[in-house]
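> Provide a 3D model corresponding to the input given below.
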Amino acid sequence: MITAVEIDELYYAEPIKTVTTPATGLSGAEVAAILKNAATKKVQNVHGDTYQYEEAEASVTRYKNALTGEYYRETSEPGEVKINFTIGEYDYATKADLQGGKATEKNWERGKYKPIHKCVIGKTKDGVYVVFPKAAINARGSNTDKAVGLAVSAVPLSTGVEGLASEKWFDESEVVPVA
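Predicted structure coming up:
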């Protein structure tokens, strides 16, 4: 039974560019390998209850037959999916990773806007991994209880990789490294 309740762990990495088996898509073992990769960053602090997974309702247009007054067809466009969270404590490198700009250990400076894409992986307290292999990242400074948090929005994008969906969920029993 899936409840996907509350966030337990949150990571980001460079976008996924390949899958081992396009016919089956991203595997739990591949996710485990990403999590073990030294370049993958674990978010150490999600402020309060700012973590949210959201999927907007689809936009539906229905067309009526003028002769009968009944609907005879419809079109729909899926709603936007996104993960939002605010990092309460962070370093300048994390700010640059997610908001752009340049960072050193002791400072950050805003740069010219450039799109930021990351793989985002969240694990819920009941062991569900939600993976966005390539997400558009938008981050900004946000006032959170008298401090400036780093508010982040991640929206899954088409990956452009055969067999790699824009979003995949796993039970934690699937996210194990290959022996």
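> Need the per-residue pLDDT for residue 3.
Reported pLDDT at residue 3 in the predicted model: 88.
> my bad, residue 67
97.
> Please apply the same query to the one 3 residues further on.
What the model reports for residue 70 is a pLDDT of 97.
> Tell me how many other residues crowd it.
Counted with other Cβ atoms under 10 Å, the neighbours of residue 70 add up to 7. Any C-beta I mention is one placed from the backbone N, CA and C, and that applies to glycine too.
> What is the three-state secondary structure of residue 29?
Using DSSP: H, G, I helix; E, B strand; the rest coil, the three-state assignment for residue 29 comes out as helix.
> cool, the one 3 residues further on as well?
Reducing the assignment at residue 32 to three states with three-state DSSP gives helix.
> Just to check, it is in contact with residue 177?
Yes: assessed by Cβ atoms under 8 Å, residue 32 is found in contact with residue 177 at 4.4 Å.
> other SSEs contacting the longest strand along the chain?
Assignment by DSSP state E gives strand 128-144 as the longest strand of the chain. Counting contacts by 3 or more Cβ pairs under 8 Å, 6 or more residues apart in numbering; DSSP states H and E, strand 128-144 packs against helix 28-36, strand 81-87, helix 92-99, strand 116-124, strand 147-156, strand 168-171.
> hey, C-alpha coordinates of it in PDB?
The C-alpha trace of strand 128-144 is given here as PDB (Å, rounded to 0.1, in the frame of the first residue of the first chain):
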ATOM      1  CA  VAL A 128       8.700   5.300  -1.500                       C
ATOM      2  CA  TYR A 129      11.400   6.800  -3.800                       C
ATOM      3  CA  VAL A 130      10.100   9.500  -6.200                       C
ATOM      4  CA  VAL A 131      12.600  10.100  -9.000                       C
ATOM      5  CA  PHE A 132      12.700  13.000 -11.500                       C
ATOM      6  CA  PRO A 133      15.600  11.900 -13.800                       C
ATOM      7  CA  LYS A 134      15.700  15.400 -15.400                       C
ATOM      8  CA  ALA A 135      14.000  18.300 -13.600                       C
ATOM      9  CA  ALA A 136      13.900  22.000 -14.300                       C
ATOM     10  CA  ILE A 137      15.100  23.700 -11.100                       C
ATOM     11  CA  ASN A 138      14.000  27.100 -10.000                       C
ATOM     12  CA  ALA A 139      15.300  28.400  -6.700                       C
ATOM     13  CA  ARG A 140      15.200  31.600  -4.800                       C
ATOM     14  CA  GLY A 141      15.800  33.100  -1.400                       C
ATOM     15  CA  SER A 142      12.600  32.900   0.700                       C
ATOM     16  CA  ASN A 143      11.800  34.300   4.100                       C
ATOM     17  CA  THR A 144      11.200  31.400   6.500                       C
END
